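# my questions are about this predicted structure, shown below with the sequence.
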Amino acid sequence: MSFFLIGLAAGLAATPHCAGMCGAFPLHLARGSGRGRPLARHLLYLGGKTFTYAFLGALAGLSGRFVVQSRLVASQHLLAYAAGAALVIFGAAMLHLFPSVRLPAPGGKAWGLLGDVYARFLEAPSSGAGFLLGVGAGFLPCPITLAVMAAAAASHSVALGMMTMAGLGIGTAPVLLGIGFSGALVDARVRRIGLRAAGVIVIALGLITLLRPSGMLCRVLPVGASALHVGCHASAQAGR
Amino acid sequence: MTSATRQLCHHCGLPIGAFGYSADDAHPFCCYGCYLAWRIVGEQGQAGPAAAILARFGVAGVLAMNVMMISLLLYTDPVASIGPQAVQAFRWGLLALSAPVLVILGAPIFAAAYRDSRRRRASMDSLIAVGAIAGFGISAAHVIAGAGRIYFDTATMLLVLVTLGRLLEASAKVKAAFALRGLLELTPPVAHVLGEGEEKEIPAEQVRIADRVRIRPGERLPVDGVVVAGASTVEESALTGESQPRAVAPGDRVSGASVNGEGEIIVEATAVGEDTLLSQIARLVQEAQARRAPAERLAARAAAVFVPVVLALAAASLGYWLWRGNLARGSMSALAVLVVACPCALGLATPLAICVGLARAARQAIIIRSGEALEGLATVSTIFFDKTGTLTEGRPAVRSIHSCDGADATAREELRWLASLELASEHVMARAIVTAAKDRGLALGEIADFRAFPGRGAYGRVRLNGECREIWAGTLDFLAAQGFDTACAPTLPPPELADTLVFAAWQGRVRARVALADAPRPDAAAAIRELQQAGLAVAVLTGDRRLAAEQLARVLGAVEVKAQCTPADKIECVRAERRRGRRVAVVGDGINDAPALAEADVGIAMGGGTDLAREVGDAAILGNRLASLPWALRLARQTRRVIRQNLLWAFGYNLAAIALAFFGYLHPLLAAAAMLVSSLFVLQNSLRLSRFA
């Protein structure tokens, strides 16, 4: 459950980021004259996105499991330390704390090549297309997704990985539903805040991943951490 | 030069290689990906079939993702935790989810593989079909039997990844061909034609020869033509690579797709539609792309044996593990061998890089007529330049006229006779002499029986003032060889070192000397220095006298000079250099230097452009920019590097990956992903050339 909650918390915290980056999708669905009721369309879109997240979570969990099982790292905690440290550095780079590091622009080259095909999905927002749109949107390169995938990998379990990422999908649902029904896109100022918020979330996820196995989180953040079930049962989890 | 031209793909416009795909004969495609991409995005206004294909692809993708997630859970979580009955239920579920994927995504691939097998050849489709069907078949049998490993995830993800990879490939190819298409789109769709007092706007392709077209400031020219009224500047960077605008006035030639400057001009059309220079350029590049390059033939030969070899290896791997008594590992490794082999990287390695390289050159106003020429350019070690018009401006002007009799009045009279002879010649020197005579207000005579001795001189019978003389003109050696008395030549005042000298002779002796000056091009010295720095031996071949050629060589910076060359001498120079094992490029004017250009490994025509089709040469540099030459050399070398990297990668990847798979060290699922990454590497590496600067 704790991994699901990590994903859910990250998703909720990512609200301003999602509003800025992904708000256009629910708006498009709301505007479309396709078949099906609007609520169904939005829920199918979110379902598709969460489905893809779970798929990515399964892959991340499998990778983590592979790394641990093949003894590529000396102890399974080392994977969590590495993933956590990478997330903290990544988040700091997003906040421009390392001026010399330039992160690649969102939307990789391969995505650019598929852009024409993807654009066709946007043309016919029927209910089914809404689901497929969500499936496709889940694959969009996003720092939050990558960060939660790293946390999922640290679970070194396919099932837990899926849970973590499904939590993310559900956590981002309120804001996207809100935008879909209010029909308003956030302005550029909120978008800038969103970008910065993403950096903070990534660092926070990194710290949680980093501190979780050692149980240090309970000492640093006794109330919040135990509420999220993160870290305090670390020894029990690690022993599994 | 090879002329084995191939059909071009209906979607990306690139030549169709060994692994073509055709839904019907009217629409050939270079691969299934291009066909799919064309169905999805290419058919504008036909949303129906596009949406259907996308929906099918989407459904299959979601099903495959489900298969994968359930499979991963079954792999990793202990069977004991959910119980063997639940596991068996999940296995049946996987079978049900996988079957539609196999039908939806597999059908076109299986059909293509079946067609290939009926033609007794094996393609990449054969590998995928065998891999997917084997993976599904083994798994289905194990589900029914209630025991044994299942590979539904491999079978379905393989199809998803292959389809995805082909879509990406198709997009990459469209990008490669885009440079060329972008060039053609420069011609505006409409033209404003003037007729009987009114102006009509008509489609550009309906303009007829000799129509008068009004070009307003800032407009692109829809046709090639001659300015008949108005004055302006035109910017011709699309055609010549030169971004500095050129001033034009009535009588000047202008080309379609160049941009008019501040003035309004009226242009009389001389070429429209397919016949414009721009269309010729695009056609030549397309023809070049459709020719097979030598390196490509090697890859094609390798690809032809590749698929049967992989099939045999997969069978051998299965046999090896069966012999070791491990059926599970045997089926897994055979499957991995089938899936990981990537003939697509092999087949794409050369043609895509060459197509991108040729298109990139065209954007810089360099027309390379074949992939072979592009490869040849990369290996050139000696480069011969023609002098006049190539290293010099090609607009010689008469600097002095000296008569052997010493009097100015005689010199004018002798210029009249000489210029009357030169009226019949097309040579730039001849035209300069005629211009000099006309500038001095001299009336010229009539010329008959004109004969040119290329690189040496000319002869003709000139009738002037009721008198008829046999006039000879040319170099001093040439006239001496004709038996003329040349004693007067050394007594004349010494000419400027760089001047080109033309002597005129009649009635037994040399009569006069005309000195012409032709300024070196401003960018010649820099271009030659760059070529030398790139390790090339640079030499000048010219029919001009030694002193003039040497003076030019000094100005341009220490290059070897072979002066007083006849066209035959030039050919001999090229041959001698090639006999020494050097790869020779000759740079000259595509019409006058045609024989030497044809003799070279790579003949490069400079400064042409009005009639590309008539010119010889393996490459043409439009717009006289010598700086383009070292650039083209760098592009050619970079293209060769990219091809080598691609081939090295393709061979190396296949060798290593197949070996790993053979011995069972590679899960088929990872193999499918590796195969996709391998073709993407080749695609991206080749596309880098389109950004070459």
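Thanks, I have the structure now. Numbering: from 1, shown residues only, chains lettered A, B, ... in the order given.

# B:Thr240: neighbour count?
Around B:Thr240 sit 23 other residues, with neighbours defined as other C-beta atoms under 10 Å in any protein chain shown. All C-beta atoms are positioned from the backbone trio N, CA, C, and that covers glycine.

# can you tell me which helix or strand whichever residue of the stretch 101-250 of chain B sits closest to chain A belongs to?
Distances between the stretch 101-250 of chain B and chain A by C-beta to the nearest C-beta are smallest at B:Ser171, namely 3.9 Å. Using DSSP states H and E, B:Ser171 sits in helix B:152-184.

# now that helix: mean pLDDT?
For helix B:152-184, the mean pLDDT works out to 75.

# could you list every residue that touches residue 199?
Picked chain A for this. A:Gly91, A:Ala92, A:Met94, A:Leu95, A:Pro143 (C-beta atoms under 8 Å, 6 or more residues apart in numbering or on different chains).

# look at chain B instead
B:His192, B:Val193, B:Arg214.

# now these as TSV including distance to B:Phe453, neighbour count and secondary structure?
What follows is the contacts of B:Glu199, written out as TSV (distance: C-beta to C-beta, whole Å; neighbours: other C-beta atoms under 10 Å in any protein chain shown; DSSP: H, G, I helix; E, B strand; the rest coil):
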residue	distance to B:Phe453	neighbour count	secondary structure
B:His192	49	17	strand
B:Val193	47	21	strand
B:Arg214	47	16	strand
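
# as CSV, these with distance to A:Arg196 and pLDDT would be great.
Conversion of these to CSV gives the following (distance: C-beta to C-beta, whole Å; pLDDT from 0 to 100):
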residue, distance to A:Arg196, pLDDT
B:His192, 54, 89
B:Val193, 59, 90
B:Arg214, 56, 90
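
# residue boundaries of the helices in chain A?
A:2-13, A:15-22, A:24-31, A:38-69, A:76-94, A:109-123, A:127-138, A:143-153, A:158-171, A:173-182, A:188-211, A:216-220, A:222-227, A:234-239 (DSSP state H).

# the fourth one near chain B anywhere?
Yes: using C-beta under 8 Å from any C-beta of the partner chain, helix A:38-69 reaches chain B at A:Gly48, A:Phe51, A:Thr52, A:Ala54, A:Phe55, A:Ala58, A:Leu59, A:Gly61, A:Leu62, A:Arg65.

# need the per-residue pLDDT for residue 74.
This is for chain A. A:Ala74 is given a pLDDT of 61.

# switch to chain B, that's the one I care about
Looking at B:Leu74, the pLDDT reads 85.

# what comes up buried for the helix or strand where it lies?
Element membership for B:Leu74 (DSSP H and E) is helix B:47-76. Within helix B:47-76, the residues scored as buried using 16 or more other C-beta atoms under 10 Å in any protein chain shown are B:50-51, B:53-55, B:57-74, B:76.

# A:Gly161: what's it in contact with?
A:Phe3, A:Gly57, A:Ala58, A:Leu59, A:Ala60, A:Gly61, A:Leu62, A:Gly64, A:Ala152, A:Ala153, A:Ser155.

# any idea how far it lies from B:Ala674?
22 Å (C-beta to C-beta, to the nearest Å).

# and for B:Ala353?
Following C-beta to C-beta, the distance that separates B:Ala353 from B:Ala674 is 22 Å.

# so between these two, which is more surrounded?
The neighbour comparison of B:Ala353 against B:Ala674 (other C-beta under 10 Å) goes to B:Ala353, with 32 against 20.

# now that one. Its backbone dihedrals?
For B:Ala353, the backbone dihedrals (degrees, to the nearest 10) come out as phi -60, psi -40.

# burial count for B:Ala489?
So B:Ala489, with other C-beta under 10 Å, has 16 neighbours.

# correct me if wrong: it contacts B:Arg511.
No: in this structure, B:Ala489 is not within contact of B:Arg511 by C-beta atoms under 8 Å, at 10.7 Å.

# can stretch B:85-95 be said to contact chain A?
No: judged by C-beta under 8 Å from any C-beta, stretch B:85-95 stays clear of chain A, getting no closer than 13.3 Å.

# return the residues of the stretch 551-693 of chain B in contact with chain A.
B:Leu680, B:Gln684.

# okay, now the unreliable bits of the stretch 551-693 of chain B?
Residues of the stretch 551-693 of chain B that meet the criterion pLDDT under 70 lie in B:558, B:590-592, B:607-616.

# just the helices in it please.
B:567-579, B:594-599, B:628-662, B:668-687 (DSSP state H, counting those that start in this stretch).

# also the stretch 351-500 of chain B?
B:371-379, B:408-422, B:428-439, B:476-481.

# other residues contacting the longest one?
In other words, helix B:408-422. B:401-403, B:429-431, B:433-434, B:436-438, B:440, B:442-447, B:450, B:458-460, B:462, B:464, B:469, B:471, B:473, B:502, B:504, B:506, B:511-512, B:514.

# kindly report the same for the third one.
With C-beta under 8 Å, 6+ apart as the contact definition, helix B:428-439 has outside contacts at B:388-389, B:394-398, B:401, B:415-416, B:418-419, B:422-423, B:425, B:444, B:458, B:500, B:502, B:514, B:516.

# 7 Å instead?
Helix B:428-439 is contacted by residues B:388-389, B:394, B:396-398, B:415-416, B:418-419, B:422-423, B:444, B:500, B:502, B:514, B:516 when judged by C-beta atoms under 7 Å, 6 or more residues apart in numbering or on different chains.

# which parts of it are buried?
Here helix B:428-439 shows B:Val428, B:Met429, B:Ala430, B:Ala432, B:Ile433, B:Val434, B:Thr435, B:Ala436, B:Ala437 as buried, counting by 16+ other C-beta under 10 Å.
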